[in-house]
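J.: predicted coordinates and the sequence they were generated for:
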Amino acid sequence: MTGFPVAPIATRGSDFAELARHVKQAGLLHRRIGYYAARISANVVMLAAGAVVFVMLGDSWWQLFTAAYVAIVLTQFAFIGHDAGHHQILRTRRGNDIIGYTHGALTGISYGWWIGKHTRHHANPNQEDADPDIDIPALAFSEEQAEAKQGFLRWVAKYQAFLFLPLLMTQAVMLKAGGIEALARRQVKAVTVEAALLAGHLAVYITAVFLVLSPGQAVLFIVVHQAVMGVYLGCSFAPNHKGMPILPAGQKVDFLRKQVLTSRNIAGGRWVDFLLGGLNYQIEHHLFPNMPRPNLRRAQPLVRAFCHQRDVSYTECTIVASYAWVLRHLHTVGAPLRVRN
């Protein structure tokens, strides 16, 4: 199903306007402050529990499990930061930004830098030369991208399906490095604030780890923590667009089809909603980025029926099938390079 007919589709801007009216009438854009208050409180409790266990265990190799646990909890904080960036939580931009910057400080990821990057992705999902999420040095998402790789990166592209998991382990570090680089180049709005927040995060993190653990354990703790967080983040974002149609640079497609045809939903119950932070409703999220996370589940039947009525392909599969889909696509893209090996 990766070969959806994108180019021949006619532009019909009124389709999305009609869908938006239905969504608004259903009250699905109303804020869910109570939900987010409970979600944030639960995250704080889980992080506090991890901190208590970390202190109580002390200098112990069991702390590697604590590192994995904290990585999972901080990814849940990152999901809240994502929602704040889309103004899903509070009614005012300032209120959402306060939540976003706070969560960025806790995760060590620059909120301002991520907002700019993520906004470009939402505007042009899977579009060449416009979507930063398919412009990744270590991966190729089309045969053209694979052919353009040189040296070591070309070798990586050949076997990227096999290297995908190890590459995901670096995702958290790469996100943090991207934010630091943007701060150094003054490419974010609140440079001073973010620099102070990220410096504070790094100081507390490094001090706590090396104060409680021996040097060897501290280093391994950091490696495990960053690797697990990277895999969790990568496994939350990768199924949503990877392997879906890539739009040529400059191609014009109406908003509804551009968002739906390039996105994939992940089927499952509320455990999947929790595990993926609501990103499993990627189609609904891309159509209505400021829709509060708990409303996405309610919007799905409405959006799916609307798409079917207009013969717009609506893609959904299980979480296991989605990862298989991604790996299959990456393997296919690298095949021409392997043939000439």
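T.: Now that the structure is in, tell me what you want to look at.
J.: every contact and neighbour count from this point should use C-alpha atoms.
T.: OK.
J.: tell me the mean pLDDT for the longest helix belonging to the chain?
T.: As assigned by DSSP state H, the longest helix anywhere in the chain is helix 215-241. In this model, helix 215-241 carries a mean pLDDT of 96.
J.: what residues of that helix count as buried?
T.: Within helix 215-241, the residues that count as buried by 16 or more other Cα atoms under 10 Å are 217-218, 220-241.
J.: chain center to that helix, what's the gap?
T.: Helix 215-241 sits 14 Å away from the centroid of its parent chain (Cα atoms, centre = their mean, to the nearest Å).
J.: going forward can the numbers begin at 557, since that is how I track them
T.: OK, 557 is where the count begins now, so the last one is helix 771-797.
J.: do you know how far residue 733 is from residue 615?
T.: From residue 733 across to residue 615, the span is 29 Å (Cα to Cα, to the nearest Å).
J.: out of these two, which sits in the more crowded spot?
T.: More neighbours surround residue 615 than the other of residue 733 and residue 615, with 18 against 15 (other Cα atoms under 10 Å).
J.: counting by contacts, list what the helix or strand containing residue 603 packs against.
T.: Residue 603 belongs to helix 589-613 when assigned by DSSP states H and E. Using 3 or more Cα pairs under 8 Å, 6 or more residues apart in numbering; DSSP states H and E, the elements in contact with helix 589-613 are helix 619-641.
J.: got the CA positions of the helix it packs on in PDB?
T.: Listed next in PDB are the C-alpha coordinates belonging to helix 619-641 (Å, rounded to 0.1, in the frame of the first residue of the first chain):
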ATOM      1  CA  GLN A 619      20.600   1.100  38.600                       C
ATOM      2  CA  LEU A 620      20.700   0.100  34.900                       C
ATOM      3  CA  PHE A 621      17.000  -0.800  35.300                       C
ATOM      4  CA  THR A 622      16.500   2.600  36.900                       C
ATOM      5  CA  ALA A 623      18.100   4.100  33.800                       C
ATOM      6  CA  ALA A 624      15.700   2.300  31.500                       C
ATOM      7  CA  TYR A 625      12.700   3.200  33.700                       C
ATOM      8  CA  VAL A 626      13.600   6.900  33.800                       C
ATOM      9  CA  ALA A 627      14.100   6.900  30.000                       C
ATOM     10  CA  ILE A 628      10.500   5.600  29.600                       C
ATOM     11  CA  VAL A 629       9.100   8.200  32.000                       C
ATOM     12  CA  LEU A 630      11.000  11.100  30.400                       C
ATOM     13  CA  THR A 631       9.600  10.000  27.000                       C
ATOM     14  CA  GLN A 632       6.200  10.400  28.500                       C
ATOM     15  CA  PHE A 633       7.200  14.000  29.500                       C
ATOM     16  CA  ALA A 634       8.400  14.500  25.900                       C
ATOM     17  CA  PHE A 635       4.900  13.500  24.700                       C
ATOM     18  CA  ILE A 636       3.400  16.300  26.900                       C
ATOM     19  CA  GLY A 637       6.000  18.700  25.500                       C
ATOM     20  CA  HIS A 638       4.800  17.700  22.000                       C
ATOM     21  CA  ASP A 639       1.200  18.400  22.900                       C
ATOM     22  CA  ALA A 640       2.100  21.800  24.400                       C
ATOM     23  CA  GLY A 641       3.900  22.700  21.200                       C
END
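J.: quick check: buried residues in it?
T.: Buried-residue list, helix 619-641, by 16+ other Cα under 10 Å: 619-620, 622-641.
J.: got it, and stretch 863-878?
T.: Residues 863, 868-873, 875, 878 are the ones in stretch 863-878 that count as buried (16+ other Cα under 10 Å).
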